[in-house]
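Student: sequence unavailable; structure follows:
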């Protein structure tokens, strides 16, 4: 360590060591005056918890806190590099996404806390058949793949059967989000990029399908939503929607939470 003071002649009548001590005290006081306690103790971390820039809808407002973590882990600054240091299953998953015609891009690893993050996230903006995803969803690759298969094999055919139209846009309300299951201490599947919430489905003929429980005489809409709900259970381990509870009154929640014995929760 460099010395802070040069040696000089001792002051008459006072030892040289005493002079050095007084100088050190004066310098310490100046440093403390220039740096406040808050600046010295405040961590510079990213505590953002929601990827979507749009305000959540009514049911989601209860599920997405504005700031659930006061102190988190900073996100990685590692640049996204496809297939670099990526496990074989992640590489294969991306090949499957491309074969399905999914529009996506690899983004940097996310680590918002010890319980929240995605090692190899993808940002999905569209699916086969020119179906757009708005806003783009941040997911892990396996969830993106499950949703892409469902959209192509179930949602699009159901829309053509019921409305003689293709799907233009899937409007989502929450993808990756660092939060707990409402009213519990368990982390949500959203905190691992394992879940996606669908608010409404826009068709190419201009029809806008709100996923909230339709009226008694909305036969086509009811039929489509019933198909969406029942068929999705073959692709996801959890399907929750309107009628399940008030937190899901205005959206469908899909996730791929692993459970014992292959149990699926479709309600």
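Tutor: Thanks, I have it. Just so you know, these numbers come straight off a predicted model, no measurement behind them. Numbering: from 1, shown residues only.

Student: residue 150 and residue 183, how far apart?
Tutor: Applying Cβ to Cβ, to the nearest Å, the value for residue 150 to residue 183 is 28 Å. Glycine gets a C-beta too; all of them are placed from N, C-alpha and C.

Student: any chance you could map the strands in the chain?
Tutor: With DSSP state E as the criterion, the chain has strands at 103-106, 110-111, 117-118, 121-127, 131-140, 167-174, 195-203, 208-210, 238-240, 252-255, 265-266.

Student: any chance of the ones you listed in TSV, plus mean pLDDT?
Tutor: Below are those laid out as TSV (pLDDT from 0 to 100):
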stretch	mean pLDDT
strand 103-106	98
strand 110-111	96
strand 117-118	97
strand 121-127	98
strand 131-140	98
strand 167-174	96
strand 195-203	96
strand 208-210	90
strand 238-240	94
strand 252-255	95
strand 265-266	86
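
Student: so what's residue 67 scoring on pLDDT?
Tutor: Model confidence at residue 67, expressed as pLDDT, equals 45.

Student: what lies in contact with stretch 161-172?
Tutor: Stretch 161-172 has contacts (Cβ atoms under 8 Å, 6 or more residues apart in numbering) with 52, 127, 129-135, 137, 151, 155-156, 159-160, 196-205, 207, 220, 223-224, 227.

Student: make a ChimeraX selection of the buried ones in those.
Tutor: Those of the contacts of stretch 161-172 that count as buried under 16 or more other Cβ atoms under 10 Å are selected in ChimeraX with:
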select :52,127,129,131,132,133,134,135,137,151,155,156,159,196,197,198,199,200,201,202,203,204,207,224,227
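
Student: of residue 150 and residue 183, who's got more company?
Tutor: With neighbours defined as other Cβ atoms under 10 Å, residue 150 and residue 183 compare such that residue 150 has more, 21 against 9.

Student: find the nearest non-adjacent residue to that one, please.
Tutor: residue 235 (4.2 Å; Cβ to Cβ, 6 or more residues apart in numbering).

Student: can you check residue 223 too?
Tutor: In space, residue 223 is closest to residue 162, 5.6 Å off (Cβ to Cβ, 6+ apart).

Student: number of residues surrounding that neighbour?
Tutor: 19.

Student: now do it against residue 210, distance only.
Tutor: From residue 162 across to residue 210, the span is 15 Å (Cβ to Cβ).

Student: what of residue 230?
Tutor: Separation of residue 230 from residue 210 (Cβ to Cβ): 19 Å.

Student: higher neighbour count, those two?
Tutor: For residue 230 versus residue 210, the count of surrounding residues by other Cβ under 10 Å is larger for residue 210: 16 against 12.

Student: for the more buried one, what are its contacts?
Tutor: Contacts for residue 210 (Cβ under 8 Å, 6+ apart) come out as 199-200, 250.

Student: where in the stretch 1-150 of the chain is pLDDT low?
Tutor: The stretch 1-150 of the chain contains residues with pLDDT under 70 at 1-84.

Student: residue 231 reaches residue 157, doesn't it?
Tutor: No. Here residue 231 does not reach residue 157: they are 9.3 Å apart, not a contact under Cβ atoms under 8 Å.

Student: burial count for residue 166?
Tutor: Neighbourhood size, residue 166 [other Cβ under 10 Å]: 15.

Student: typed the wrong thing, it's residue 261
Tutor: As a burial measure, residue 261 scores 4 neighbours (other Cβ under 10 Å).

Student: show the pLDDT at it.
Tutor: At residue 261, the model reports a pLDDT of 79.

Student: equivalent analysis for residue 181, please.
Tutor: Per-residue pLDDT puts residue 181 at 89.

Student: could I get the contacting residues of it?
Tutor: 187-188.
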